[in-house]
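Q: sequence first, predicted model second:
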Amino acid sequence: MREILGRRRRLRFRRGARTARLDAAVTFAVEWNWPVLPGAGLRTTPRTAAGLKVLSRTAAGLKDLLRTDAEPGCSCPDPDCVVPGAHPYDPGLLAATTDERMVRWWWTARPDAPVLLATGGGAPCAVSLPAPAGARALAALDAMGMRLGPVVATPTRWSILVAPYDLERLGELLYAKDSVPSSLRFHSEGGYLLLPPSVAGSGQVRWERAPLAGSARPWLPDVEAVVDALVEASTSTPGGGSRLAY
């Protein structure tokens, strides 16, 4: 009886997680006008004797057999994918849309698919840091009184969402700086970002700073203000160190 109850709870949890991704994708696309698409997602590795026998017949399958549960494989054809599940594959990035019917069709067909935001254009961009540096940076920006919008967190990186910018403006901004922390990454035109409540090879994606409840579209800070604050935070550490080192 306990096994049956446990199975039912797990099934309810999985259904809830799948519905949450569809609901989130619809909110991003329809209410916030953020273009989204499903990510590659993670491969489900058969654990039955028959499934293991089939997997062992190919080189990719053999690699899957050698994987641990902590290192799930990507559903893309690359057996050595370095960002399992966390990138566009089919459809490609250019398919990103705000059309509700397309979004619902995608996540009805693939309810476990991660939600990817196509950054740039009229959509949000982001500045990301390794997770430990991101935690220190947010504490420093809070102490400086810097207003931030949503912040997306994975176990490996934190991403501060910012207002759209193009590559020309980013180049001018970085050129004007004496130095910029090497831990920073910029997600703009032609890029993408995992959004909550996705799950990829690196783990669960969550809001470190969630959008304000009921907001029609989240407010986003300007990229120059965020970069200026991050550069100041990285150079104002007593002893000459950097809060953004990792």
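A: Nice, thanks for sending it over.
Q: so where's this protein shaky on pLDDT?
A: Under the criterion pLDDT under 70, the flagged ranges of the chain are 1-17, 44-72, 236-246.
Q: mind listing the strands for the chain?
A: Taking DSSP state E as the criterion, the chain carries its strands at 36-38, 115-119, 125-130, 151-153, 157-162, 185-187, 191-195, 199-200, 203-204, 206-209.
Q: just give the nearest non-adjacent residue to the residue sitting nearest the centre point of the chain, would you?
A: Against the mean C-alpha coordinate of the chain, by C-alpha atoms, centre = their mean, the closest residue is Leu194 at 2.1 Å. Spatial nearest neighbour of Leu194, excluding adjacent residues (C-beta to C-beta, 6 or more residues apart in numbering): Val205 at 4.9 Å. For glycine as for every other residue, the C-beta is placed from the backbone atoms N, C-alpha and C.
Q: sorry, back to before: quick one: the residue nearest to the centre of the chain and Glu224, what's the gap?
A: As judged by C-beta to C-beta, to the nearest Å, Leu194 and Glu224 stand 25 Å apart.
Q: next: Leu37.
A: Note on Leu37: its distance to Glu224, by C-beta to C-beta, is 28 Å.
Q: just checking, Leu212 touches Leu220?
A: No - taking C-beta atoms under 8 Å as the definition, Leu212 is not a contact partner of Leu220, at 12.0 Å.
Q: higher neighbour count, the two?
A: Leu220 (19 against 11; other C-beta atoms under 10 Å).
Q: bridging residues for Tyr192?
A: Under DSSP bridges, the beta-bridge partners of Tyr192 are Ala118.
Q: that one: what's it in contact with?
A: Tyr192 makes contacts with His87, Pro88, Leu93, Ala96, Leu116, Leu117, Ala118, Thr119, as judged by C-beta atoms under 8 Å, 6 or more residues apart in numbering.
Q: for Arg217, what are phi and psi?
A: phi -150, psi 130 (degrees, to the nearest 10).
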